[in-house]
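Trainee: Just need the structure, nothing else, for what follows:
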Amino acid sequence: MIDSLRYTVQDPDDAHVVAAAKQERCDIIVTENIRDFNRAALVEHRMNLATSDEFMTELFEGKETKAIVYGGLLDMWARLRERPTVPQFLERLWGRDRLYGFIQGLTADVTQNVGVSRDRIDQRALQTRIRQIEQGIGI
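Mentor: Okay, here's the model as predicted:
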């Protein structure tokens, strides 16, 4: 199967990614290595391509998925050994993981709907926003 999918990638070492996605019937491949994939060829296999930031931003913008994203973010933060403040955690996602659009959207959403400044976003603010979303407020 991998050999038949080599035309979908620029780097033959990435063909296994497409093969695995096809095998599992994925409709999107999330990678920071997008330049090595042939978008047009992936469309033939009913697959899209996105960076982590594009994927997370799209999930966050969805009405059905926004509360899930907030919950997952809180869960990630809670599982860290060294517990940074929430603003420090968001800065880490911004800088290290390059989730620029996602973090901009999230902080704008919290500051607008919860009424706290960016540097005051904490666990309580994120939990408040989840409850608001579940009640249909600000979506």
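
Trainee: Can you show me the helices along the chain?
Mentor: Secondary structure of the chain (DSSP state H): helices located at 15-23, 39-44, 52-61, 66-78, 86-95, 100-114, 123-134.

Trainee: Residue 32 is nearest to which of these?
Mentor: Evaluated over these, closeness to residue 32 peaks at helix 52-61, with 6.4 Å, by Cβ to Cβ. Glycine gets a C-beta too; all of them are placed from N, C-alpha and C.

Trainee: What residues of that closest one count as buried?
Mentor: Using 16 or more other Cβ atoms under 10 Å as the test for burial, helix 52-61 gives 53, 54, 55, 56, 57, 60.

Trainee: same deal with stretch 26-42?
Mentor: For stretch 26-42, the neighbour count (16+ other Cβ under 10 Å) marks 26, 29, 30, 31, 37, 42 as buried.

Trainee: my read: the fourth one touches residue 37, true?
Mentor: Yes: distance between residue 31 and residue 37: 7.2 Å, which falls inside the contact criterion (Cβ atoms under 8 Å).
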